[in-house]
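S.K.: any chance you could fold what I've pasted below:
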Amino acid sequence: MTDLKHGNKKMFILEAFPAVQHWGSLLFLVHLLAYLASIMGNMVIITITWADHRLQTPMYVLLSTFSFCECCFITTVIPKLLSIFLSGRQTIPFPACLTQAFFFLFIGAGIFFLMAVMSLDRYLAICKPLHYASIMNLRVSFLLIFLCYSLSFIFFTGLMLRVSQLSFCGPNIISHFFCDLGSLIRLSCSDTSSVEMYFFFVTSFVILLSLIVTIIAYSNIVITILRLPSAKERQKAFSTCSSHLIVLSLMYGSCVFIYVKPKQVNRLDSNKEAALVNTVVTPLLNPVIYTLRNKQVHQALRDMLSRMRLQK
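M.R.: Here you go, the predicted model:
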């Protein structure tokens with residue numbers, strides 16, 4: 001066992017998926033393709049948003065920011081997982097582990113806050129169209145984005161400072177495919193009750209607050225849609241909302257399952273599967289669900305491709 005006492009080099013082992021590790025090459029290829037597809041899909045959204053002045057509105061600024069954050073979020077986890085599948089290198093030093101855990105939670109919490117802001121933006125656009133332009137503009141959008149990540153930074157910097165002061169002198173195997181903070185805390189030989197309580201409170205606050213805001217916003221959106229006079233308009237609006245709600249359900253469902261519950265050691269395998277959905281499946285779907293099905297985005301993409309062909 002690696003010596004994990006303070007003053008020595010602390011090394012941890014990421015357990016990943018030992019039952020299927022013999023399929024490492026195949027799993028590497030599948031996850032690499034999913035990772036590249038997610039990055040490319042989100043980068044397309046970012047590029048066309050800032051290349052086309054018609055899309056430089058609060059809605060699309062929020063969407064492009066969301067896409068950028070998704071790229072950063074999956075990059076905190078997937079490259080290390082690919083390394084495990086390809087080379088079997090499962091060790092990770094404590095500073096790198098803590099850094100990965102911080103950015104995973106910091107970016108992830110910011111995404112949840114951002115999703116709540118996006119829901120409010122849609123609420124204002126659909127339910128308060130006459131007041132939308134006076135409430136939402138680019139300045140307000142950037143201010144809300146800054147607020148989302150400022151809150152996330154404050155919450156999780158304090159948490160990481162507490163975790164960094166814990167002692168690790170026992171088992172060094174993290175039962176996950178990345179440095180999951182809950183799994184890491186359980187390996188400490190210090191009294192972790194206060195840290196676990198703080199972790200539970202912060203993650204619950206982030207997820208439940210953003211979820212409540214999203215539910216309230218979409219509930220009002222649904223009520224407004226039901227009042228639309230045309231059945232065709234209602235069907236079209238409900239189709240869009242249902243697609244959004246699928247992704248929201250995946251993200252919130254997996255995170256509530258993982259974080260908003262007391263300590264449960266016997267559910268680690270299920271946690272890994274839920275986290276895999278949140279870090280691989282959902283980011284792959286988000287570009288399609290949120291923007292690539294949008295007619296304005298399609299038109300902007302066609303215009304950009306046309307300009308590129310003319311330049312050649």
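S.K.: which parts of stretch 124-137 are buried?
M.R.: Buried residues in stretch 124-137, counting neighbours by 16 or more other CB atoms under 10 Å, are found at 124, 125, 126, 132, 136. From N, CA and C alone the C-beta is placed, and that goes for glycine too.
S.K.: cool, stretch 168-177 as well?
M.R.: 168, 169, 172, 174, 175, 176, 177.
S.K.: check stretch 94-108 too.
M.R.: 94, 97, 98, 100, 101, 102, 103, 104, 105, 106, 107, 108.
S.K.: so which of the buried residues of stretch 124-137 sit within helices?
M.R.: 124, 125, 126, 132 (DSSP state H).
S.K.: so who does the second one touch?
M.R.: Okay, so that is residue 125. Residues near residue 125 by CB atoms under 8 Å, 6 or more residues apart in numbering: 59, 132, 136.
S.K.: in TSV: the residues you listed, plus distance to residue 142 and pLDDT.
M.R.: Converted to TSV, the contacts of residue 125 look like this (distance: CB to CB, whole Å; pLDDT from 0 to 100):
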residue	distance to residue 142	pLDDT
59	13	86
132	17	89
136	11	91
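S.K.: residue 250: which of the residues you listed is nearest?
M.R.: residue 59 (21.7 Å; CB to CB).
S.K.: can you tell me the element the closest residue to that closest one other than its chain neighbours falls in?
M.R.: Nearest in space to residue 59, with sequence neighbours left out and distances taken as CB to CB, 6 or more residues apart in numbering, is residue 121 at 5.8 Å. Using DSSP states H and E, residue 121 falls within helix 94-127.
S.K.: likewise for residue 163?
M.R.: helix 138-164.
S.K.: buried residues of that helix, list them for me.
M.R.: By neighbour count with 16+ other CB under 10 Å, helix 138-164 contains the buried residues 141, 144, 145, 148, 149, 151, 152, 155, 156, 159, 160, 163.
S.K.: now render these as TSV, adding distance to residue 49 and pLDDT.
M.R.: Shown next, in TSV, are the buried residues of helix 138-164 (distance: CB to CB, whole Å; pLDDT from 0 to 100):
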residue	distance to residue 49	pLDDT
141	12	93
144	17	95
145	14	95
148	18	95
149	19	95
151	24	93
152	22	94
155	28	91
156	28	94
159	33	91
160	32	93
163	36	91
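S.K.: closest one of the buried residues of stretch 168-177 to residue 55?
M.R.: When those are compared for distance to residue 55 (CB to CB), residue 177 wins out at 35.8 Å.
S.K.: so what's the closest one up against?
M.R.: Contacts for residue 177 (CB under 8 Å, 6+ apart) come out as 14, 15, 16, 17, 77, 80, 81, 84, 272, 275, 276.
S.K.: where does the protein have low pLDDT?
M.R.: Where the chain drops to pLDDT under 70, the residues are 1-9, 236-244, 254-271, 290-294, 298, 309-312.
S.K.: mind redoing it with 80?
M.R.: For the chain, the stretches with pLDDT under 80 are 1-10, 16, 18-22, 24, 52, 88, 170, 228-278, 281, 285-312.
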